[in-house]
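>>> Mind folding the following:
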Amino acid sequence: MTNSFWREALDHIPGLFLIFRVDEKQHAHLIFANSHIRNVLGYKPEEFVLASESEGSRVQAEVEGLVDQIADQSKNGNGGQKPVCRFHSKRAGEHDFHYAFRIFTVKSAPHPFIAVSMEHVKGESPGTDTEDSVSGQRHIGFIAESSLMQALMRKVDALADQHVHLLFRGERATGKRTLARQVLQAGKLHGACGMEWNLETMPVSEQNRVVDSLCGKRARAGSLPADEALVLLIIEISMLTETNQSKLLGWLHDRQGAGADTRVLATTSFLLEERMQQGEFSPDLYYFLSFETLLLPPLSQRRDDLRILAEGWVRAAAAVLQLGDLHVPDAAIEQLLGHAWTGNFREFQEVMRRSLLSSPSGSFQLMLQEPVPARSNDRRSASEQVLKPAAAEQGAHPPGKSHMGAGAGVDLLSGEVMPFDEMNRRYLEKVLRKTGDKIYGEDGAARLLGMKPTTLQSKLKKLGVR
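Predicted coordinates for the structure are as follows:
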């Protein structure tokens, strides 16, 4: 019997049904989803399968989470309870499923397969993506418990599939790039070509090259067909040079005249209106794009999210570093809520890493940077900063003891505060020890630290680690 026969037969199975293929490296790849996925989650079966292999997509993260649960249960069992997994619909509504799985082999294939059947948890009904179901949703890279973030995510969901240009605005390190990439991914799932220009890290010479490759005269008959749909993400569009702004505008005019579907997503940490007044940004380009604006709030305005962010970060990092079951004390939470967070998520991550590194074994001690009061007999200026424990209740420790956790044997705060590079060097050494010097992969140091492996390798070389 043909594959199409079996696909049609499996579509008659009630509830969602998934099939994974296990490769020689023991990685599971989704190869089939039955048609019920359209009714429940809003995806075409082939669209869902494609998204499961798309790096950084929400579907990929949730499918990998299901596979991890199955791997754990196949080794340790589930204690007699019905296992539950969670998936978001295409419109970001949350759906919880009970699931059952079976691992099987066939004569014609050298490696096993995994069949998974899923049904809604009792009390849920398929296809009910209400506004309430969107409240409190967790987009990849986002916690959206605060009212500001819930409103933003609803707007993102409403605009993600529309053919409008989007401008993601906000202070640095508020998540503009992450959210924009989610919308870019949604466009790719709809069959458009996706392209990204990260002007924050791109030298002007490279910027000229990538703009010319798409918008220059030689590129008009180039790699991108004139009628192919395109979603172009420009990270920090304010850094686009005047010449390249003109080239992009001309190219967009040509695409529009030819009826080609072109969508621009852009991020900026600056007010483009001010840049226009200063003659640094083209009004013609700005008004041609007629952006729908999405304003990301600073971390200081997301008090309802901070507790969840902190507790989730500490729990995940402690699990990977084998530091036991750590939690963030209420005193530390209060200081987190009262902190200005002028550096937003970059500052948050540095504070949490430093705090975890400096905490006594079995407890968590928050280490914030606080201004040192200016004194007439002190050579340091008032702008210099020193590390201070968040509160005595978090677990005072006797002098000379290690603050890095069991077996670390290093006191980062004994005597003078150590240089920032030295602190980072010790932290990276600790992470590498915990990952067995592994940098790449799901359990590698780069994934744990949330950075590209090549970036991590550069930092290791710079700091003289390894």
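>>> C-alpha from now on. contacts and neighbour counts both.
OK.
>>> The nearest residue to residue 105 once chain neighbours are set aside: how many residues sit nearby?
Closest residue to residue 105 apart from its sequence neighbours, by CA to CA, 6 or more residues apart in numbering: residue 112 at 4.5 Å. By other CA atoms under 10 Å, the residues close to residue 112 number 17.
>>> I'd like the distance between residue 112 and residue 227.
In this view, residue 112 and residue 227 are 42 Å apart by CA to CA, to the nearest Å.
>>> show me the contacts for the residue nearest to residue 339 when sequence neighbours are not counted.
Excluding the flanking residues, the one nearest residue 339 by CA to CA, 6+ apart is residue 300, at 7.2 Å. Taking CA atoms under 8 Å, 6 or more residues apart in numbering, we find residue 300 in contact with 337, 339, 340, 341, 342, 344.
>>> do you know how far residue 42 is from residue 89?
For residue 42, the distance to residue 89 - CA to CA - is 6 Å.
>>> I meant to write residue 436 there.
In terms of CA to CA, residue 436 sits 37 Å off from residue 89.
>>> Which one's more surrounded, the two?
Neighbour totals were compared for residue 436 and residue 89, and residue 89 leads with 22 against 12 (other CA under 10 Å).
>>> was I right about the more buried one contacting residue 41?
Yes. Assessed by CA atoms under 8 Å, residue 89 is found in contact with residue 41 at 4.1 Å.
>>> The strand ranked longest in the chain: which residues count as buried?
Using DSSP state E, we find that the single longest strand of the chain is strand 94-104. For strand 94-104, the neighbour count (16 or more other CA atoms under 10 Å) marks 94, 95, 96, 97, 98, 99, 101 as buried.
>>> Give me the angle between whichever helix or strand comes after that strand and strand 94-104.
Once strand 94-104 ends, the next helix or strand along the chain (criterion: DSSP states H and E) is strand 113-120. If you take axes from the mean of the first three to the mean of the last three CA atoms, to 10 degrees, strand 113-120 sits at 150 degrees to strand 94-104.
>>> which secondary structure elements does strand 113-120 contact?
Contacting strand 113-120 under the criterion 3 or more CA pairs under 8 Å, 6 or more residues apart in numbering; DSSP states H and E are the following elements: strand 16-22, strand 94-104.
>>> So, low pLDDT: which residues of the stretch 151-300 of the chain?
Counting by pLDDT under 70, the stretch 151-300 of the chain shows low-confidence ranges at 189, 217-223.
>>> which residues in it form strands?
All strands of the stretch 151-300 of the chain, identified by DSSP state E, counting those that start in this stretch, fall at 166-169, 193-198, 230-235, 262-268, 292-295.
>>> how about those strands in a markdown table, adding distance to residue 315 and mean neighbour count?
Converted to a markdown table, the strands of the stretch 151-300 of the chain look like this (distance: least, CA to CA, whole Å; neighbours: other CA atoms under 10 Å):
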| stretch | distance to residue 315 | mean neighbour count |
| --- | --- | --- |
| strand 166-169 | 30 | 23 |
| strand 193-198 | 32 | 17 |
| strand 230-235 | 31 | 23 |
| strand 262-268 | 31 | 22 |
| strand 292-295 | 29 | 16 |
